[in-house]
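A.B. asks: the following comprises the amino acid sequence and a computationally predicted model.
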Amino acid sequence: LGTLAERLGECASLTYLDVSCNRFGPEGARRLAVVLGGCTALKCLDLGNNQLGSDGAGRLAGALKDCRTLAGLNLRCNMLGNEGARKLALVLGQCSTLAVLGLSQNQIGDAGAEKLASVLAGCASLTYLDLTCNAFGDSGAEMVAAGLRACTTQVLVDLRARERLLAAVVPIQVGGHRIWR
């Protein structure tokens, strides 16, 4: 990833970057974060399955706030946990163009769901949130639902593998917008 990260700094017009399934961990996230701010046209970033952990999430979080055109972010299968979700939540509200957020299979529990829920209203363009196969229960699902009620866009939330929770997530219309509760 080192050589690639160095070259990315020269790609100001880059719009799509898929470095998924490389398992570069927190150190790779650090290297990538250094150059992401220079990718001012980046619209889609796929970092799935890279073993980032909460440290990697923290390193990337700072860079994400500089990605003003980012519409899609996939962080599936990265062992983020509650702490990684908290670190991401600190900047997600500033990502005003983010429409698709993939956080499946990240061991996010109730505490992490609470942090994410607290910033959902600030994600003005969010239309799809993937939270499948995480560790939160009814309490976390309720917090996410409450956060979604404050969204101004229609948001599709994916909670597959959580059959018990799916029964409680029902679309409703509020002010012409469909939200999930």
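C.D. replies: Sure thing, it's come through.
A.B. asks: can you show me the helices along the chain?
C.D. replies: 2-8, 25-36, 53-64, 81-92, 110-117, 138-149, 163-166 (DSSP state H).
A.B. asks: could those helices go into a markdown table alongside distance to V100, mean neighbour count and mean pLDDT?
C.D. replies: Just so you know, the C-beta spots here come from the backbone N, C-alpha and C atoms, and that holds for glycine as well. A markdown table is the format used below for those (distance: least, C-beta to C-beta, whole Å; neighbours: other C-beta atoms under 10 Å; pLDDT from 0 to 100):
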| stretch | distance to V100 | mean neighbour count | mean pLDDT |
| --- | --- | --- | --- |
| helix 2-8 | 21 | 14 | 74 |
| helix 25-36 | 17 | 20 | 92 |
| helix 53-64 | 14 | 22 | 94 |
| helix 81-92 | 12 | 22 | 96 |
| helix 110-117 | 15 | 23 | 96 |
| helix 138-149 | 15 | 20 | 88 |
| helix 163-166 | 20 | 13 | 46 |
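A.B. asks: quick one, which of those is nearest to L101?
C.D. replies: helix 81-92 (7.5 Å; C-beta to C-beta).
A.B. asks: turn the helices of the chain into CSV, columns for distance to L14.
C.D. replies: CSV is the format used below for these (distance: least, C-beta to C-beta, whole Å):
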stretch, distance to L14
helix 2-8, 7
helix 25-36, 10
helix 53-64, 14
helix 81-92, 20
helix 110-117, 27
helix 138-149, 31
helix 163-166, 37
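A.B. asks: looking at the ones you listed, which is closest to L70?
C.D. replies: That would be helix 53-64 among the helices of the chain, by C-beta to C-beta, at 6.9 Å.
A.B. asks: the inter-axis angle of that closest one versus helix 110-117?
C.D. replies: 10 degrees (axes from the mean of the first three to the mean of the last three C-alpha atoms, to 10 degrees).
A.B. asks: packing partners for helix 53-64?
C.D. replies: Helix 53-64 sits against helix 25-36, helix 81-92, with contacts defined as 3 or more C-beta pairs under 8 Å, 6 or more residues apart in numbering; DSSP states H and E.
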